[in-house]
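*Asks:* Provided below are the primary sequence and the corresponding predicted coordinates.
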Amino acid sequence: MKVAIVGCGGLGNVHASCYAQIPGVTVVGVCDTDRELVQQMAERTGATAYESFDDMLEQSGCEVVSVTLPSFLHKPFSIKAAQAGKHVICEKPIALNLEDAADMIRVCEENNVRLFVGHVVRFFPEYAQMHDKIKQGALGRVGVAHAKRIGSHPGERRHWFKEDDKSGGVVIDLMIHDIDFLRWSIGEVKSVFGFRKVEGFVDYATATLVFENGAVANVEAHWGYPGPFTTAAEIAGSSGVIRSDSSKTISLQVRKAASESSSGPFVDIPQSPGYRSPFQLEISHFIECIRDSKESLVTARDAYKALEIGLAIEESARSGQAVLLNHSAQEGSR
C-alpha cells in the first residue's frame, strides 16, 4: 500500500516511523511548505518531496494520505485528499468546529474513502485495559471518574497552539483525549460544566461531565505545568476502583471490592503490559482496516462526538452555565 504524508513536523515523523514498520506499506510522497523539513523526511523515507499538495496527490500514486498538519488545516487537506480518491488518516482533533467535521465525514463518504482520526489514547495499553475492565463489569456500575492530562505549553515552541482558532486551545487539543476515552468507556455524555483560565503560557481547564447512565466525571487539562508531562485516570464503580497514573512505576492498578472470602478489604491486581508504541498500534490498525474493510476501533463519528463535547465545555466556560448535549446532531459513521 502506498501512503503519503502532508506535514513533516513532529507527528509527521511519527507517522513515517510507523509506516516503516508495517510490511507492504511504502511512503511514496511527503509534503510541506518548509523545504528543510520536507527534504529531511524525504531522505529519511526514500519518498519524493513535494512542496505542492496537489502535485503529490496527482503524481505520487498514493492510496492513503496522513494529514499531520496544524488542526486548523485538517479540513481543507482531508477533503482535497478524499476528493482525489485517497483514504485519510488525520490527526486529532478531527476539526475545530462541528460543521467542518461533518463536511469531512460527508465528503469521505461521497468519495467512498475511509476517514480515520488519531485518538491515540485508545491504543495506550493502560487505557485499553481500563476500558476493557469497565466493559467486562469488573467495577460494577460506574459512578465517578477522574482524569487529568498536564504538561508544558506547546505554544512555547509552535506559536499557533496559543491561538484558539488554530489549535482549539487546551480543551480541544489536550482534554479531548480524555473526553474520547471516557465516552468510549462509560457512554454518552448528557451535560457538561466547564471552566477555563488562560494567562500567558498557562492554559488550564476543568470540566464536569454527566453521562446518560448517571455517572459523573471530572476532567482536568493543563498547559504550562512546570513539571513533566503526566496523565492519570481513576474510575470508581459499585464493585471496585481502577486507576492509572503515568507518574507511578506500575502502569495500572485495579482495586477490587472485598468479597466475603477475601482476607482483606481489597485485592490489588497490578498490571504491567508489554510496551509497543501506541502510535504504531494505531497506524497499523488503520491500515489493517483499509486492507480488510474492517470497522475501526475509533470512528470518524467518535471523533465528531469528542469534538462536540469539547466545544460544549468551551461554551460552558464562556457562559458559566451547564450545557446540555444535543444528541440529534450530525451522526457520522465512518
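*Replies:* Thanks, I have it. Residues are numbered from 1 along each chain as shown.
*Asks:* Off-centre distance for the helix or strand hosting I179?
*Replies:* Here I179 sits within helix 176-186, counting by DSSP states H and E. Centre-to-centre, helix 176-186 and its host chain are 9 Å apart (C-alpha atoms, centre = their mean, to the nearest Å).
*Asks:* do the same with stretch 17-32
*Replies:* 21 Å.
*Asks:* Looking at that stretch now, give me its mean pLDDT.
*Replies:* In this model, stretch 17-32 has an average pLDDT of 97.
*Asks:* Which positions within that stretch qualify as buried?
*Replies:* Buried residues in stretch 17-32, counted by 16 or more other C-beta atoms under 10 Å: C18, Y19, I22, V25, V27, V28, G29, V30, C31, D32. (C-beta placed from N, C-alpha, C; glycine too.)
*Asks:* What of stretch 287-301?
*Replies:* Those would be I287, C289, I290, S296, L297, V298, T299, A300, R301, for stretch 287-301 by 16+ other C-beta under 10 Å.
*Asks:* burial measure for V67, as a count.
*Replies:* By other C-beta atoms under 10 Å, the residues close to V67 number 28.
*Asks:* give me the beta-bridge partners of the closest residue to it other than its chain neighbours?
*Replies:* Among residues not flanking V67 along the chain, C90 sits closest, at 4.3 Å (C-beta to C-beta, 6 or more residues apart in numbering). Legend: beta-bridge partners of C90 under DSSP bridges are V67, V117.
*Asks:* ranges for the helices of the stretch 201-334 of the chain?
*Replies:* 278-292, 300-319 (DSSP state H, counting those that start in this stretch).
*Asks:* Show me how far the first one is from its chain's centre.
*Replies:* Remark: helix 278-292 is offset 14 Å from the chain centroid, using C-alpha atoms, centre = their mean.
*Asks:* And the longest one, by the same measure?
*Replies:* Computed by C-alpha atoms, centre = their mean, the separation of helix 300-319 from the middle of its chain amounts to 13 Å.
*Asks:* which helices and strands does it pack with?
*Replies:* In terms of contacts (3 or more C-beta pairs under 8 Å, 6 or more residues apart in numbering; DSSP states H and E), helix 300-319 is packed against helix 98-110, strand 115-118, helix 176-186, strand 189-199, strand 202-211, strand 323-324.
*Asks:* With K133 as the reference, measure out to G240.
*Replies:* 9 Å (C-beta to C-beta, to the nearest Å).
*Asks:* now G12
*Replies:* Counting by C-beta to C-beta, the gap from G12 to K133 is 34 Å.
*Asks:* how many neighbours does the residue nearest to A215 when sequence neighbours are not counted have?
*Replies:* Leaving aside its chain neighbours, A215 sits nearest to V142 (4.7 Å; criterion: C-beta to C-beta, 6+ apart). By other C-beta under 10 Å, 24 other residues sit near V142.
*Asks:* Per-residue pLDDT of V142, please?
*Replies:* The model's pLDDT for V142 equals 97.
*Asks:* Is it bridged to anything, and to what?
*Replies:* Counting by DSSP bridges, V142 is bridged to G237.
*Asks:* for the protein, which spans come out with low pLDDT?
*Replies:* In the predicted model of the chain, residues 249-275, 327-334 satisfy pLDDT under 70.
*Asks:* give me that answer again for 50
*Replies:* Counting by pLDDT under 50, the chain contains low-confidence residues at 258-274, 328-334.
*Asks:* which residues does the residue most central in space within it contact?
*Replies:* Nearest residue to the geometric centre of the chain (C-alpha atoms, centre = their mean): H119, 2.2 Å. Neighbour list for H119: K92, I176, H177, D180, V298, D302, A303, A306 [criterion: C-beta atoms under 8 Å, 6 or more residues apart in numbering].
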